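**Q** Using only what follows, build the 3D model:
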Amino acid sequence: MANKGNNPLQGYLRSPKLYILLPSGGKFSNIESISDISQELPIYPLTSMDETLLRNPDALLNGESMASVITSCTGIKNAYELTANDVDVILLAIRYATYGNELEISTSCTECSATVEDTVDIEPILESIEVLDDEYKVTLDNKLQCWLKPYTFRDSQKAALSAFRETSELNTLINAEADDMSKLITFNKSFQAMADLNIEILSNAVVKVVIPATEDAEEIEVTNSNHIEEWVRGISKQQADVIIDELNVINELGIQREVKLTCEKCTSTFSTKIEFNPSNFFDLTF
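**A** Here you go, the predicted model:
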């Protein structure tokens, strides 16, 4: 008689379909499921429950479904602490593990604007993964050195959700029968909320700020998050732009995002970026 405590189907559960290197190499977050030997992450295919979660528009919008799916398919406990670079690679790997090597892309031709549909292979893209540097820094015009890290999945989701909500509210306001002053007040509140969130996300990407030594003072290293956020709020637009420009470069690293397509209508060849948008990245119908 079989032992009721042991599930005889245990050996028939899904197994990893592939192992990948993450762009961050685990440097910017604690990833327990990375192999200590190969530094690779196991990738499991989606389950039927994972697909159900991905069909929930609200959970998809706020990131809850994606966080659950990443945990299910990788064993990573806190997906929100992953870098945005890692999440893009993981999504692509899960897509490969679940549906195979082909990825359908639809975009507009840059020459004639015709719709171009094509299929690209995922495997070469996954093989293009490059590990990020251990550290990134920029030096501002006042000689301060600002050390940076990629945006986290949490901050990326906050930005996406906030943009969606604010856009929806503003569209509703435009169509509402309200006086101009009421609309202006609401507009200002929305823009202030977006500005505050941008400051928060930018501050979270700053690891530390180093004040260089002078003849009269030693070097000072500032890591206190409150001090950094106060500093970010008070720096000039030019200084903020230097930091943002560097972060935009950092967050595009890790994987080859551009593919070349040929338009059948005008025969021109152009490059387009793969959009890592979970709402249309997986083969799902809502």
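
**Q** At which residues are the strands of the stretch 51-200 of the chain located?
**A** Under the criterion DSSP state E, counting those that start in this stretch, the stretch 51-200 of the chain contains strands at 102-108, 115-121, 136-139, 145-148.

**Q** Nearest to S162, out of those?
**A** strand 145-148 (21.5 Å; Cβ to Cβ). Every C-beta, even on glycine, is put in place using the N, C-alpha and C of the backbone.

**Q** Now do the closest one: which elements does it pack against?
**A** For strand 145-148, the elements it packs on are strand 136-139, strand 206-211, helix 237-250, judged by 3 or more Cβ pairs under 8 Å, 6 or more residues apart in numbering; DSSP states H and E.

**Q** Just the buried residues of it, please?
**A** The neighbour-count check on strand 145-148 (16 or more other Cβ atoms under 10 Å) flags 146-148 as buried.

**Q** Nearest to K273, out of the strands of the stretch 51-200 of the chain?
**A** Using Cβ to Cβ, the nearest of these to K273 is strand 102-108, at 8.8 Å.

**Q** Low-confidence regions, the stretch 101-250 of the chain specifically.
**A** 173-174, 176-178, 183 (pLDDT under 70).

**Q** now L161: how far from K27?
**A** 27 Å (Cβ to Cβ, to the nearest Å).

**Q** same deal with I228?
**A** From I228 to K27 the distance is 19 Å (Cβ to Cβ).

**Q** Which of these two has more residues huddled nearby?
**A** Neighbour tally, I228 and K27, criterion other Cβ atoms under 10 Å: the higher count belongs to I228, 20 against 16.

**Q** so the more buried one makes contact with G234?
**A** No. In terms of Cβ atoms under 8 Å, I228 does not count as a neighbour of G234; the distance is 11.0 Å.

**Q** need the contact list for Q256.
**A** If you count contacts by Cβ atoms under 8 Å, 6 or more residues apart in numbering, Q256 has them with 125, 128.

**Q** I105 touches R257, doesn't it?
**A** No. The pair I105 / R257 is not scored as a contact, 11.7 Å apart, by Cβ under 8 Å.

**Q** Alright, I will stop here.
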